[in-house]
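Trainee: Coordinates for the following, if possible.
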Amino acid sequence: MTSQHTADYPTLQEVLRLPVFAGCTVCGGAAGLGRRVSGVNLTDTPDYARWLAQGELLITTGFAIADDPQAVDALLPTAAEKGLSGVGIKPGRYLPSPLPAALAELRRVLETAIPQGFVDFYAGGALGWDTYCAQTVLDLREEYPCIALHLVLPCSRAEQTARWTEAQKAAYDCIYREADSCEFVSVDYTKDCMRLRNKRLVELADCCVCFCGEPEGRSGTAQTVRMARQKGIPVINLAS
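Mentor: Just a heads-up that it's a prediction; the model follows:
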C-alpha cells in the first residue's frame, strides 16, 4: 500500500458517518479516527488473524472466539499488530461488552485513579498495549481535561518505527501529536535504549498498570514490572 493510494481512502471518521453505521459508538481509540480505511473485513472464524490486511476495518460479532476469554482479550492487540484502521464489535449475543475485558478494566482503573490525584500518565510508545493505554488516556482527557499524557520514547521516531507498517506509524504519529509532552531517552537506537526507556518510566511513576502474562519472563514488560516492584510502587497487572 503506497502513500499515494492511501491518501485516496476515506478516514475511519468518514466511514463511521455512513448511514449503515448510524447508532454506533466509539468505545476507545478516538485519537485514531483519522486513520485511512483500505477495506472492510467481515469475519467470524477462529483463525481470523490470517485474513487481516493492513488498513482494513474489521467488523465482527465475536461468534468464533466468544467462548475463549484469552482470544477475546487478544482481539484488539492482534488488530494493532496487523495495522488495522479499526475494529467494529457487535455486542450482545456473543460479546456482552463492547470492549474486551482487559481494556474495559484498564479504563475502569484509570477512571478510579483520576479522583485520587493521578493526573499524569506515562506511556512508552510501543505497539500493542502501550498504544491502547495511550489512546485510552487521550479518550479520557476529553472528559477529564486535568489529566495529561506523557510519552517516554526509547529513540527517534524514524528508528523506533523503522519496521512498522504504515498504519502503525500513523497511529504512533497521531498519539505523538496529541500527547502533552514527549521525552526521548536516546536519539539513536541502541541495544540498551529500551531498558533505559523502561527504567525512566518507572522513575516517573507512582503506580504501574500493565498487561504481563509472564511477570518473571524476559520481555521488556516483565523487566519493567520487576523494576516497579523493586521501587516499591503498586503494580496492577490486568493479565492476572
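Trainee: So, low pLDDT: which residues of this structure?
Mentor: Applying pLDDT under 70 to the chain flags the ranges 1-6, 96-100, 167.
Trainee: tell me the centre residue of it?
Mentor: The C-alpha lying nearest the average C-alpha coordinate of the chain belongs to Tyr132 (C-alpha atoms, centre = their mean; 1.9 Å).
Trainee: what sits up against the strand or helix carrying Glu203?
Mentor: For Glu203, the host element (DSSP states H and E) is helix 193-204. Contacts with helix 193-204, where a contact means C-beta atoms under 8 Å, 6 or more residues apart in numbering, come from 120, 122, 124, 150, 152-155, 183, 185-186, 208, 220, 223-224, 227-228, 231, 233. From N, CA and C alone the C-beta is placed, and that goes for glycine too.
Trainee: Asp180 versus Val119, what's the distance?
Mentor: Relative to Asp180, Val119 is positioned 10 Å away (C-beta to C-beta, to the nearest Å).
Trainee: I figured the residue nearest to the centre of the chain was touching Ala104, is that so?
Mentor: No: assessed by C-beta atoms under 8 Å, Tyr132 is found out of contact with Ala104, at 11.3 Å.
Trainee: List the beta-bridge partners for Leu149.
Mentor: Under the criterion DSSP bridges, Leu149 forms beta bridges with Phe121.
Trainee: Return the distance of it relative to Arg36.
Mentor: Distance from Leu149 to Arg36, by C-beta to C-beta: 23 Å.
Trainee: burial count for Asp44?
Mentor: Look at Asp44: counted by other C-beta atoms under 10 Å, it has 15 neighbours.
Trainee: Kindly report the same for Asp67.
Mentor: Neighbour count of Asp67, defined by other C-beta under 10 Å: 10.
Trainee: Could you report the neighbour count for Val37?
Mentor: Val37: 21 neighbours (other C-beta under 10 Å).
Trainee: ok now do it, which residues does it touch?
Mentor: 9-12, 15, 55-57, 85-86.
Trainee: By neighbours, which of those residues wins?
Mentor: Each of those was scored for neighbours by other C-beta under 10 Å, and Ser85 scores highest at 27 neighbours.
Trainee: the strands in this protein, which residues?
Mentor: Using DSSP state E, the strands of the chain run over 39-42, 56-60, 86-89, 120-123, 148-153, 181-184, 208-210, 235-237.
Trainee: Is it possible to get a markdown table of these that adds distance to Ala113?
Mentor: Below are the strands of the chain laid out as a markdown table (distance: least, C-beta to C-beta, whole Å):
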| stretch | distance to Ala113 |
| --- | --- |
| strand 39-42 | 35 |
| strand 56-60 | 30 |
| strand 86-89 | 26 |
| strand 120-123 | 9 |
| strand 148-153 | 13 |
| strand 181-184 | 19 |
| strand 208-210 | 8 |
| strand 235-237 | 9 |
